[in-house]
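Peer 1: Kindly generate the corresponding structure for this input.
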Amino acid sequence: MTTVLAPVAGHVVGLAAVPDPVFAGGLVGPGTAIDPAREAAEALAPIGGRVLKLHPHAYVIAGEDGRAVLVHLGIDTVLLKGEGFRLLTGEGERVRAGEPVVAWDPAAVAAGGMSPVCPVVALDALPGTLTAILAAGPVRAGEELFRWR
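Peer 2: Residues are numbered from 1 along each chain as shown. Alright, predicted model coming up:
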């Protein structure tokens, strides 16, 4: 069982609320999404493991068991080309669950006309393997978001 933590504080809205058809349709994988608090913050590692991919706007952490979780900081934020994001670790580095990975400002993303909603996706997860998914409501960074069995 892998416990996946909320990488950011905010309000859980679910993948269907993500303003991107690929995430909303679950095509990337199952999970949920968080509408983040509109304040500068550090996005955390949702699980412990190795930073498999690291972009300013998104990252993938792979656990020792091979399970990988994608955190996407906002929608279409790749267009910002890293502006407003600061990497706090490096690709290939090991991180503990809850450790800061990227500093960013969701309010600046929203002010730029983009959605700051953050999908948190269990990559390659089989249907029905996510449990205890926090479907809606407030969440603090580092709190349990869902379990992957």
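
Peer 1: Quick check: the gap between the residue nearest in space to the middle of the chain and residue 128.
Peer 2: Nearest residue to the geometric centre of the chain (CA atoms, centre = their mean): residue 71, 2.5 Å. Distance of residue 71 to residue 128, computed by CB to CB, to the nearest Å: 22 Å. Bear in mind the C-beta positions are built from the backbone N, C-alpha and C, glycine included.

Peer 1: Residue 15 too?
Peer 2: From residue 15 to residue 128 the distance is 15 Å (CB to CB).

Peer 1: What of residue 17?
Peer 2: 21 Å.

Peer 1: between those two, who's got more neighbours?
Peer 2: In this view residue 17 and residue 128 are compared by other CB atoms under 10 Å, and residue 17 has more residues nearby, 17 against 8.

Peer 1: got a list of what the residue nearest to the more buried one when sequence neighbours are not counted touches?
Peer 2: Spatial nearest neighbour of residue 17, excluding adjacent residues (CB to CB, 6 or more residues apart in numbering): residue 33 at 6.2 Å. Contacts for residue 33 were tallied using CB atoms under 8 Å, 6 or more residues apart in numbering; they are 12, 13, 14, 15, 17, 18, 23, 117, 118, 119, 120.

Peer 1: So which of those is the closest to residue 1?
Peer 2: Nearest to residue 1 among the contacts of residue 33 is residue 120, at 16.8 Å by CB to CB.

Peer 1: I figured the closest one hits residue 34, correct?
Peer 2: Yes. Taking CB atoms under 8 Å as the definition, residue 120 is a contact partner of residue 34 at 6.8 Å.

Peer 1: Give the intersection of the neighbour lists for the two.
Peer 2: Contacts common to residue 120 and residue 34, judged by CB under 8 Å, 6+ apart, are 6, 7, 145.

Peer 1: Can you tell me which of those end up in strands?
Peer 2: residue 145 (DSSP state E).

Peer 1: okay if I get the shared contacts of residue 120 and residue 34 as TSV plus distance to residue 124 and neighbour count?
Peer 2: Below are the shared contacts of residue 120 and residue 34 laid out as TSV (distance: CB to CB, whole Å; neighbours: other CB atoms under 10 Å):
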residue	distance to residue 124	neighbour count
6	21	27
7	19	31
145	18	23
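
Peer 1: Which of the shared contacts of residue 120 and residue 34 lies at the shortest distance from residue 135?
Peer 2: Comparing the shared contacts of residue 120 and residue 34 against residue 135 with CB to CB places residue 145 closest, at 10.5 Å.
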